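Colleague: Here is the input, now give the coordinates:
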Amino acid sequence: MKHVYTLDDLSTAAFPQAMPHAKLAVIGYPIKHSASPQMHQAALDQAGYPHQYIRVEVEPGKVHQCFERMEALGFIGCNVTVPHKLEAMELCDTLTEDAIALGATNTIQFSEGKRIGHNTDGPGLERAILEDFGKPLSALRVLLLGAGGGAGRAIATQCARLGTPELFLSNRTISKIEGIASDLREYAPGSQIHTISNDDASLLEAACKADLIINSTSLGLKPNDPLPIPASALEARHLVYDAIYSPAVTPLLESAAKREAQTANGLSMLLHQGALAYEFWLGSAADTGAMRRGLGL
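Modeller: Coordinates of the predicted model:
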């Protein structure tokens, strides 16, 4: 089995013979870093399913072709990661309540010729925060970095759904989050929702008021990336969560730990959103113990 497959691989006549049990996948661009296969494969093997879960690298604009090929090959479904969550949503026939509320899809089910779009990111994060920090997301004032992306919107919406008392949405382009904030204010009138730019002064002011800082930007994937927030904004009282899990310790988490803040990375969110996706596809609860072992937790 290859580490990463491509759309061209799925389109070859040899693929069905070489990979007859490939029925689940994660798609993204790039995708080689994804830990989803080892997590899901561990749970599938533990439950006795013959299915194989693979990585498929799909260029932007080609998700439709990928879905068509997966359907032809008898795939049950797939996970969707950056940058495809919005594109995938547009290609679905039906959306679950979570997908509609969160405004993106990260989980697709192929069923009887239909594509059902779902989103487990928000509920997965909710479980991760409680597990990692021992505090419910609903009780925390949150500063969300990179709120304009698919994952950021899902996280922001989940915070609002839970009634987070105060939510600061930060993004490089303010116009991308004004609409999100407006929708959330109607959705959750009891929460104070603010939009801020990502300049240092705005981030420092918001961090002073926040309990939990969540990074949903891509800053930290590369070792030389700048911090998504000034190091001076981080305090020992903060809970700092980086949705990135590879590397395990991003520059943000390293800086936060130096200031004695509690930190956690995105593996816990991956675990919990993955368990919810597994249940959505297969109709039975995932063995999260097996998933943890698959992730090396």
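
Colleague: Now do the contacts for Pro123.
Modeller: For Pro123, the contacting residues are 98, 158, 272-273, 276, by Cβ atoms under 8 Å, 6 or more residues apart in numbering. (C-beta placed from N, C-alpha, C; glycine too.)

Colleague: What residues sit buried inside the helix ranked longest in the chain?
Modeller: Among the segments of the chain that qualify as a helix by DSSP state H, the longest is helix 267-282. For helix 267-282, the neighbour count (16 or more other Cβ atoms under 10 Å) marks 267-278, 280-282 as buried.

Colleague: same check, this time on stretch 69-87
Modeller: 69-70, 73, 75-81, 83-85, 87.

Colleague: From these, pick the one nearest Pro189.
Modeller: The nearest member of the buried residues of stretch 69-87 to Pro189, counting by Cβ to Cβ, is Lys85 at 26.9 Å.

Colleague: Give me the spatial nearest neighbour of that closest one, chain neighbours excluded.
Modeller: Gly150 (3.4 Å; Cβ to Cβ, 6 or more residues apart in numbering).

Colleague: Kindly tell me how buried Ile213 is, as a neighbour count.
Modeller: Residues lying near Ile213 (other Cβ atoms under 10 Å) number 28.

Colleague: my guess is it is in a strand, correct?
Modeller: Yes: counting by DSSP: H, G, I helix; E, B strand; the rest coil, Ile213 is found in a strand.

Colleague: Which pLDDT value does the model give it?
Modeller: pLDDT for Ile213: 98.

Colleague: Name all residues that make contact with it.
Modeller: By Cβ under 8 Å, 6+ apart, the contact set of Ile213 is 142-143, 145, 207, 229, 234, 238-241, 256.

Colleague: Does anything pack onto the host helix or strand of Leu204? Which helices or strands?
Modeller: Per DSSP states H and E: Leu204 is located in helix 200-209. If contacts are counted by 3 or more Cβ pairs under 8 Å, 6 or more residues apart in numbering; DSSP states H and E, helix 200-209 sits against strand 142-145, strand 166-170, strand 192-196.

Colleague: right, and Leu143 touches Ser216 too?
Modeller: No: counting by Cβ atoms under 8 Å, Leu143 does not reach Ser216; the two are 11.0 Å apart.

Colleague: Can you show me the helices along the protein?
Modeller: With DSSP H as the criterion, the chain has helices spanning 7-11, 15-18, 36-47, 63-72, 85-90, 97-102, 121-133, 150-162, 175-187, 200-209, 251-258, 267-282, 288-295.

Colleague: most tightly surrounded among those?
Modeller: Mean neighbours per residue, mean count of other Cβ atoms under 10 Å, is largest over the helices of the chain for helix 150-162, with a mean of 26.

Colleague: Restricting to C-alpha, output that one in PDB.
Modeller: Output of helix 150-162 as PDB, limited to C-alpha atoms (Å, rounded to 0.1, in the frame of the first residue of the first chain):
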ATOM      1  CA  GLY A 150     -13.300  26.100   7.000                       C
ATOM      2  CA  ALA A 151     -12.000  24.700  10.300                       C
ATOM      3  CA  GLY A 152     -12.000  28.200  11.900                       C
ATOM      4  CA  ARG A 153     -15.600  28.700  10.900                       C
ATOM      5  CA  ALA A 154     -16.600  25.300  12.300                       C
ATOM      6  CA  ILE A 155     -14.800  26.100  15.600                       C
ATOM      7  CA  ALA A 156     -16.400  29.500  15.900                       C
ATOM      8  CA  THR A 157     -19.800  28.200  15.200                       C
ATOM      9  CA  GLN A 158     -19.400  25.400  17.800                       C
ATOM     10  CA  CYS A 159     -18.400  28.000  20.400                       C
ATOM     11  CA  ALA A 160     -21.500  30.000  19.600                       C
ATOM     12  CA  ARG A 161     -23.700  26.900  19.600                       C
ATOM     13  CA  LEU A 162     -22.500  26.100  23.100                       C
END
